[in-house]
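**Student:** the sequence isn't on hand, but the structure is:
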């Protein structure tokens, strides 16, 4: 008999992320909301990432290791995991990031109360040792979809010399 469908599918792409994986996966396991599955798509890692994910999967049946034999990149790994996902809601977490223990419950409460089709949250930067730097990045309270697409297009293609994730995501880097 198949396991019941979880409310949330946590999608994590992974490529050679062994130093951060344990902390990241533990942050999902520590959520105060527990009706989730976690699909970790290992993008042909050459370190011991797959072994670490496998250990968590043995300890917690909600965690699945999806091992890719060839590199497909983070978007391809996410898409592979999405194809396997069974949850009503999707939550994305990178292998070098982690969540506060109330992340899922808070976000689900907001989505259900607001009737929102999706939501996004603020995030805080941490250094390579995992220490929070006190810099919190807040998203706007609402986004007009057409304006957001135009902003992304202009930031990506119309600003010579701008490179990197901040430029591609439409955030000003101050340059």
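**Tutor:** Received, thanks. Worth saying up front: this structure is predicted, and the values here are computed from it rather than measured. Residues are numbered from 1 along each chain as shown.
**Student:** C-alpha only now, for contacts and for neighbours.
**Tutor:** Noted.
**Student:** for residue 62, what are its contacts?
**Tutor:** By Cα atoms under 8 Å, 6 or more residues apart in numbering, the contact set of residue 62 is 36, 37, 38.
**Student:** list the buried residues in stretch 32-48.
**Tutor:** Using 16 or more other Cα atoms under 10 Å as the test for burial, stretch 32-48 gives 33, 35, 36, 37, 38, 39, 40, 41, 42, 43, 44, 45.
**Student:** among the contacts of residue 62, which one sits closest to residue 154?
**Tutor:** When these are compared for distance to residue 154 (Cα to Cα), residue 38 wins out at 34.9 Å.
**Student:** and that closest one, how far from residue 31?
**Tutor:** Note on residue 38: its distance to residue 31, by Cα to Cα, to the nearest Å, is 12 Å.
**Student:** doesn't residue 135 belong to a strand?
**Tutor:** Yes. Under DSSP: H, G, I helix; E, B strand; the rest coil, residue 135 sits within a strand.
**Student:** distance of it from residue 126?
**Tutor:** 8 Å.
**Student:** between those two, which one's more packed in?
**Tutor:** Under the neighbour definition other Cα atoms under 10 Å, residue 135 and residue 126 were set side by side, and residue 126 has more, 14 against 10.
**Student:** with adjacent residues omitted, what lies nearest to that one?
**Tutor:** Spatial nearest neighbour of residue 126, chain neighbours left out: residue 132 (4.1 Å); criterion: Cα to Cα, 6 or more residues apart in numbering.
**Student:** who touches the closest residue in space to residue 21 that isn't next to it in sequence in this structure?
**Tutor:** Once flanking residues are discounted, residue 21 sits nearest to residue 95: 5.6 Å by Cα to Cα, 6+ apart. Residues in contact with residue 95 (Cα under 8 Å, 6+ apart) are 12, 13, 14, 17, 20, 21, 24, 25.
**Student:** go on, residue 124?
**Tutor:** 132, 133, 134, 135, 136, 137.
**Student:** name the nearest of those relative to residue 72.
**Tutor:** Looking across the contacts of residue 124 and measuring by Cα to Cα, the closest to residue 72 is residue 137, at 29.2 Å.
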